Every structure is written in C-alpha cells, then in structure tokens.
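[1] What follows is a predicted protein model with its sequence.
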Amino acid sequence: MSIIGLMACDANGVIGRDNKIPWLCEEDVSYFRNITLGKTLIVGRKTFDSLPQSLLNKRRFIILSRKTNASDSTNIFVNSLKKFTDLYKAVGHEAEPIYMIGGGEVADLFLQDNLVDEFILTIVNGSYYGNVRLNLGHFNKWYKNTVEVSEQFSRFRYVKPQTSRLL
Ligand SMILES: NC(=O)c1ccc[n+]([C@@H]2O[C@H](COP(=O)([O-])OP(=O)(O)OC[C@H]3O[C@@H](n4cnc5c(N)ncnc54)[C@H](OP(=O)(O)O)[C@@H]3O)[C@@H](O)[C@H]2O)c1
C-alpha cells in the first residue's frame with residue numbers, strides 16, 4: 001500500500017482561500033471524483049469541513065484533528081501523525097493506495113515527514129489570490145511526468161526518488 005498525494009494549485013502553489021478552492025475547474029473535480037471513488041482519503045480537519053456532502057459519500061476519510069473526535073463506522077479521526085502511522089501500519093496488507101488530499105497544513109506535514117510516495121498535482125492556468133499554499137519546493141528532487149495538458153490546466157505525476165519511510 002502506498003500514499004498518493006492528490007491536489008491542485010495555481011502556478012504559485014496557491015491551493016485555498018477562506019476554506020475554499022479559489023477556482024472552479026469542473027474537469028479536475030470529475031477527475032478527483034473518479035480517482036477517489038471507493039478509496040480511503042487522508043485529510044486535514046479544515047478541508048474535511050469544507051467538502052460537499054456529495055464528496056463525502058462512497059469514500060472513507062481519515063481526518064487529522066487535535067480537537068475533534070467524531071469517528072463513526074466510515075470515517076476515523078486521528079489526533080496525531082503517530083496515530084495515523086500506527087493505523088496505516090495496522091492495515092498495511094491492503095493493496096489499495098490511499099490518497100492524501102490536503103489542505104496545506106496536512107500536505108506539508110506528510111511531505112516533510114516523508115510519508116508520500118507519489119503526488120498527482122494539477123496546476124491550473126492563471127494566478128489566484130489565496131491564503132493557503134502548497135510548497136512546490138517539496139518536489140524539487142522528485143521525478144516528474146506529464147499526465148495531461150488541457151486548456152485549463154496541466155497535470156503532473158511526481159514520484160519520489162527514495163522510498164517512503166513507511167515502506
Ligand atoms: N487545491 C486543492 O487541491 C486543495 C485540497 C485540499 C484543501 N484545499 C484548501 O486548503 C485550505 C485548507 O487547508 P489548511 O492548511 O488551512 O487546513 P487543513 O490542512 O485542511 O487542516 C488543518 C487542520 O488539520 C489538523 N491537523 C494539522 N496537523 C495536525 C497534526 N499534526 N495532528 C493532528 N491534527 C492536525 C488541525 O485540525 P484541528 O483544528 O481540528 O485540530 C488543523 O487545524 C482550504 O482553503 C481548502 O479549500 C485545497
């Protein structure tokens with residue numbers, strides 16, 4: 001099992017404004033919906049709170065939060081990265097990858113801690129005002145392949161040269 005980052009940003013790494021995504025790119029939303037259908041997603045509590053109900057269905061969430069603990073039969077809250085890695089190791093026999101979908105704080109945490117193996121990043125055309133960014137410097141030494149280029153965005157797959165600390 002591996003952890004795959006799946007996010008979108010503008011050319012400057014902007015990913016969010018006022019707990020929303022600053023652009024609407026329907027093609028990218030459809031891509032996100034298709035790739036994550038039936039999968040387990042890791043997410044920060046702020047992003048989790050911002051997701052529409054339609055995205056909460058048919059996906060299982062592991063939510064990082066120091067102050068909320070409302071796990072139910074589908075979604076699990078964890079209050080530290082250590083709790084997450086313990087959980088991950090306990091289900092490590094599962095073949096399906098799990099997706100780390102942000103936001104900025106949680107993406108930084110996972111990338112700094114060498115927990116992500118691969119990252120699918122959609123870079124939307126244009127510049128947007130925002131107060132949350134993804135630090136693109138994390139990918140400086142990663143291998144980069146172009147997945148798709150459209151009128152609205154370019155999508156890349158970054159693969160880390162060394163193995164994740166969980167493998
Ligand atoms: N463009 C994209 O692809 C994309 C993807 C996702 C999100 N976004 C945007 O990003 C913004 C949200 O990002 P954000 O950086 O503000 O927040 P975030 O990463 O979604 O969530 C931050 C929260 O995660 C919890 N957390 C962080 N580190 C933790 C740790 N070590 N242990 C336990 N819990 C921890 C805390 O929750 P508590 O406060 O509950 O303790 C913290 O407040 C929104 O604007 C959203 O729309 C964009």
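    Okay, I see it.

[2] So L134 versus T68, what's the distance?
    23 Å (CB to CB, to the nearest Å). From N, CA and C alone the C-beta is placed, and that goes for glycine too.

[3] the more surrounded of those two?
    L134 (25 against 13; other CB atoms under 10 Å).

[4] hang on, the more buried one packs against G104?
    Yes. The pair L134 / G104 is scored as a contact, 6.1 Å apart, by CB atoms under 8 Å.

[5] Please enumerate the shared neighbours of these two.
    I15 (CB atoms under 8 Å, 6 or more residues apart in numbering).

[6] where in this structure is pLDDT low?
    For the chain, the stretches flagged by pLDDT under 70 are 92-95, 163-167.

[7] So which bits of it are right by the ligand?
    Counting by CB under 6 Å from any ligand atom, the chain comes close to the ligand at 7-9, 15-17, 19-21, 44-47, 50, 64-68, 79-81, 101-106, 109, 132.

[8] Could you write me a PyMOL select line covering just the buried ones among those residues?
    Those of these that count as buried under 16 or more other CB atoms under 10 Å are selected in PyMOL with:
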select buried, resi 7+8+9+15+16+21+44+45+46+47+50+64+65+101+102+103+104+106+132
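
[9] Next step: the residues of the chain next to the ligand restricted to helices.
    Residues of the residues of the chain next to the ligand located in helices (DSSP state H): 45-47, 50, 81, 104-106, 109.

[10] which residues in the protein form helices?
    So, for the chain - with DSSP H - the helices run 26-36, 45-50, 53-56, 81-90, 104-112.

[11] For those helices, give me a markdown table that also has distance to R155.
    Below are those laid out as a markdown table (distance: least, CB to CB, whole Å):
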| stretch | distance to R155 |
| --- | --- |
| helix 26-36 | 8 |
| helix 45-50 | 20 |
| helix 53-56 | 19 |
| helix 81-90 | 26 |
| helix 104-112 | 17 |
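
[12] How about I98, nearest residue that isn't a chain neighbour?
    Leaving aside its sequence neighbours, I98 sits nearest to T40 (CB to CB, 6 or more residues apart in numbering; 4.3 Å).
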